[in-house]
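*Asks:* Sequence first, then the predicted structure:
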Amino acid sequence: PEPNALGAAFNKTLISNISVAIGLELRALWLEGMGENHASNLPHVGLDCWSPTVNIGRDPRWGRMYEAPSEDPYWNGVYGMMYTLGMQNGSKTSK
């Protein structure tokens, strides 16, 4: 999901639904044992998820401005909260 577009939507339900889907997919991969119990005895690789950057984008010269959802501190906080709750809870009740 593109953080700039999600931030511009100002839609808490959308952010929550996207993060719920990501959380459910990660849990499904974990339950399938991705990265574990291989015949090659490789070390545990675990699961990796890139969470959103909840940074205040104030300087357009910063090379990662596309990762910041907004310049507004309040909306960044709401965005980060909804995204985190959705991924942690992984259910529709995280709204």
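*Replies:* That came through, no problem. Model, not experiment: these values are computed from the prediction.
*Asks:* Leaving out the residues flanking it, which one is nearest to Gly90?
*Replies:* Gly23 (3.6 Å; CB to CB, 6 or more residues apart in numbering). Where C-beta positions appear, they are placed from N, C-alpha and C, glycine not excepted.
*Asks:* How many neighbouring residues does the one you found have?
*Replies:* The local packing of Gly23 (other CB atoms under 10 Å) involves 21 other residues.
*Asks:* which residues sit in contact with it?
*Replies:* Applying CB atoms under 8 Å, 6 or more residues apart in numbering, we find Gly23 in contact with Gly86, Met87, Gln88, Asn89, Gly90.
*Asks:* 10 Å - rerun?
*Replies:* Contact analysis of Gly23 by CB atoms under 10 Å, 6 or more residues apart in numbering lists Cys49, Tyr83, Thr84, Leu85, Gly86, Met87, Gln88, Asn89, Gly90, Ser91, Ser94.
*Asks:* repeat for Glu71
*Replies:* For Glu71, counting by CB under 10 Å, 6+ apart, the contacting residues are Gly7, Ile56, Gly57, Arg58, Met65.
*Asks:* and the gap between Ile22 and Glu71?
*Replies:* 24 Å (CB to CB, to the nearest Å).
*Asks:* What ranges in this protein fall below the confidence cut-off?
*Replies:* For the chain, applying pLDDT under 70 flags the ranges 33-46, 91-95.
*Asks:* Pick out the residue closest to the middle of it.
*Replies:* Ser51 (3.8 Å; CA atoms, centre = their mean).
*Asks:* That one reaches Pro69, doesn't it?
*Replies:* No - judged on CB atoms under 10 Å, Ser51 makes no contact with Pro69 at a distance of 11.8 Å.
*Asks:* so what's Trp50 up against?
*Replies:* Ile22, Glu67.
*Asks:* typed the wrong thing, it's Trp75
*Replies:* Gly7, Ala8, Phe10, Lys12, Pro69.
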